[in-house]
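[1] dropping a prediction and its sequence here:
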Amino acid sequence: MASVMMAPLDLLEKYYPADSPVFAVLVSHSRAVAEMALRIASRLGAEVDVAFVEQAALLHDIGIGATHAPKIGCFGALPYMCHGIEGRKLLDKEGLPRHALVCERHIGVGLSAAEIRAQGLPLPERDMLPLSLEEQIVTYADLFFSKTPGQEQEAKTVARVRESLRRHGANKVAIFDAWLERFGL
């Protein structure tokens, strides 16, 4: 890990111009995720690295710029689903391997190598499942917030999160429900 970590927002600004629409959406979304993740981490107490949760929540979507998502100001060449692995590359390069894993593992409720293979997803064929408590907290909080401009701070309802996960299988909803029971809102 880097001996001195750049402040998360400064690190985002290293990769995105501060006056760009994508920076505004990214920071707004990431702050909403961080606020929820911090509430959860604070309730769980000593078992959670709260400072890491905040940093990781602010950086979890750093890879979006490499993807093609024009509605949020991203004009890269990759499918949006690749933002997690692109974020991992950036944060590994910054000397932040633990933060990098949050980027890679936060897609939905996580993806297994078997799912990636079976669905022919444009991702490396490896497990990308949130394993640590901190990874799970950030991934869970992220499910509640979109990056739709102007709506980044509006939390989705539990029913809406479940509905969006349902199309990916009952097992994804079950993971969410277990997190909901453990983490609350």
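    Happy to help now that I have it. Predicted, not measured: the structure shown is a model, and the values here were computed from it.

[2] export the top helix by length along the chain as PDB, just CAs?
    The single longest helix within the chain, with elements called by DSSP state H, is helix 21-44. Extracted in PDB, the C-alpha atoms of helix 21-44 (Å, rounded to 0.1, in the frame of the first residue of the first chain):
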ATOM      1  CA  PRO A  21     -19.700  16.800 -15.900                       C
ATOM      2  CA  VAL A  22     -18.400  13.300 -15.200                       C
ATOM      3  CA  PHE A  23     -16.400  14.600 -12.200                       C
ATOM      4  CA  ALA A  24     -19.600  16.200 -10.700                       C
ATOM      5  CA  VAL A  25     -21.600  13.000 -11.200                       C
ATOM      6  CA  LEU A  26     -18.800  10.800  -9.900                       C
ATOM      7  CA  VAL A  27     -18.200  12.900  -6.700                       C
ATOM      8  CA  SER A  28     -21.900  13.400  -6.000                       C
ATOM      9  CA  HIS A  29     -22.600   9.600  -6.400                       C
ATOM     10  CA  SER A  30     -19.500   8.600  -4.400                       C
ATOM     11  CA  ARG A  31     -20.300  11.000  -1.500                       C
ATOM     12  CA  ALA A  32     -23.800   9.500  -1.200                       C
ATOM     13  CA  VAL A  33     -22.400   6.000  -1.200                       C
ATOM     14  CA  ALA A  34     -19.700   7.000   1.400                       C
ATOM     15  CA  GLU A  35     -22.300   8.600   3.700                       C
ATOM     16  CA  MET A  36     -24.400   5.500   3.800                       C
ATOM     17  CA  ALA A  37     -21.400   3.200   4.100                       C
ATOM     18  CA  LEU A  38     -20.100   5.300   7.000                       C
ATOM     19  CA  ARG A  39     -23.400   5.100   8.800                       C
ATOM     20  CA  ILE A  40     -23.200   1.300   8.500                       C
ATOM     21  CA  ALA A  41     -19.600   1.100   9.500                       C
ATOM     22  CA  SER A  42     -20.200   3.300  12.500                       C
ATOM     23  CA  ARG A  43     -23.000   1.100  13.700                       C
ATOM     24  CA  LEU A  44     -20.900  -2.000  13.300                       C
END
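
[3] quick check: next helix or strand after that helix?
    helix 50-59 (DSSP states H and E).

[4] and for that following helix, what's in contact with it?
    Helix 50-59 is contacted from outside by 5, 8-9, 11-12, 30-31, 33-34, 37-38, 40-42, 87, 91, 96, 98-99, 102-103, 134-135, 137-138, 141-142, using CB atoms under 8 Å, 6 or more residues apart in numbering. Using the backbone N, CA and C atoms, a C-beta is placed for each residue, glycine as well.
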